[in-house]
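>>> next input, structure requested:
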Amino acid sequence: MLSAKRSSVSSAALSEGVSVVLRGVDPDYDPTVRKAGASPAAVLAADAKGVSGVLLGKELQRRLSVEPGDVLRLVVLDLGGKRPRFRYLSVRFAGAFATGFAEFDASWVIIDRQVLLRARGATGLDVMELKLDDPRQTDAVAGRVEETLGSDWLVQRWQTLNRQLFAAL
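Residues are numbered from 1 along each chain as shown. Have a look, this model is predicted:
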């Protein structure tokens with residue numbers, strides 16, 4: 001999963017837009033996309049006009065007042081290079097999801113990872129998330145990722161990110 005935070009989305013009902021987090025996923029492997037349709041790749045695929053589908057958090061859908069098939073406008077800020085650049089992208093609302101976390105349901109847009117890469121470029125990515133088949137391998141995999149990426153990247157383990165939750169429990 002890739003993530004880009006400096007983005008906004010607008011609709012016909014909310015033309016001023018709202019700040020969002022774009023989550024670029026592989027549709028065939030993302031559980032949220034898999035729940036959204038019988039053919040996960042088709043959920044986020046481009047339609048006959050070349051407009052890619054996106055999933056919105058349920059609260060974001062409500063705020064934008066959109067229904068499946070409505071076209072949205074994404075504004076993506078690219079800070080790579082000499083000066084900031086805005087990229088505009090039309091996308092189609094394909095469905096909504098609910099995570100149970102208000103912040104996510106109000107700000108997440110799930111988009112095909114390849115579409116996000118084209119819109120942002122590699123320099124515009126904020127987060128890269130890896131999902132392991134065996135969570136007990138977290139430390140070993142994180143160590144290899146740290147070695148590969150070097151000191152320019154911060155590698156965080158899920159246990160660290162959720163430390164407060166574990167302490168509360």
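
>>> name every strand pairing with the strand ranked longest in the chain and say which way it goes.
What stands out as the longest strand in the chain, according to DSSP state E, is strand 85-97. Strand 85-97 has its sheet partners listed here by DSSP bridges as strand 52-57 (parallel), strand 71-78 (antiparallel).

>>> now for the helix or strand immediately after that strand in the chain, which elements pack on it?
Under the assignment DSSP states H and E, the closest C-terminal helix or strand after strand 85-97 is helix 102-107. Helix 102-107 sits against strand 18-25, strand 52-57, helix 58-64, with contacts defined as 3 or more Cβ pairs under 8 Å, 6 or more residues apart in numbering; DSSP states H and E. Heads up, the C-betas are built off the backbone N, CA and C, glycines and all.

>>> next secondary structure after helix 102-107?
Using DSSP H and E, the first helix or strand after helix 102-107 is strand 108-112.

>>> against which helices or strands is whatever helix or strand comes next after that following strand packed?
Going down the chain from strand 108-112, the next helix or strand is helix 113-120, by DSSP H and E. On a contact count with 3+ Cβ pairs under 8 Å, 6+ apart, helix 113-120 meets strand 2-10, strand 18-25, strand 71-78, strand 85-97.

>>> which stretch among these comes nearest Thr160?
Among the helices and strands packed on helix 113-120, strand 2-10 comes nearest to Thr160, with 17.2 Å by Cβ to Cβ.

>>> give the rounded mean pLDDT of the closest one.
For strand 2-10, mean pLDDT rounds to 73.

>>> also stretch 141-161?
Stretch 141-161 carries an average pLDDT of 80.

>>> ok, now which ones touch the closest residue to Arg6 other than its chain neighbours?
Spatial nearest neighbour of Arg6, excluding adjacent residues (Cβ to Cβ, 6 or more residues apart in numbering): Leu77 at 4.0 Å. For Leu77, the contacting residues are 6-7, 84-87, 124, by Cβ atoms under 8 Å, 6 or more residues apart in numbering.

>>> tabulate those (a markdown table), appending distance to Tyr29.
Below are the contacts of Leu77 laid out as a markdown table (distance: Cβ to Cβ, whole Å):
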| residue | distance to Tyr29 |
| --- | --- |
| Arg6 | 25 |
| Ser7 | 22 |
| Pro84 | 32 |
| Arg85 | 30 |
| Phe86 | 30 |
| Arg87 | 26 |
| Gly124 | 22 |
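
>>> dump those residues into TSV; add neighbour count and distance to Gln137 as well.
Converted to TSV, those look like this (neighbours: other Cβ atoms under 10 Å; distance: Cβ to Cβ, whole Å):
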residue	neighbour count	distance to Gln137
Arg6	18	32
Ser7	27	32
Pro84	10	39
Arg85	13	39
Phe86	11	40
Arg87	15	36
Gly124	23	29
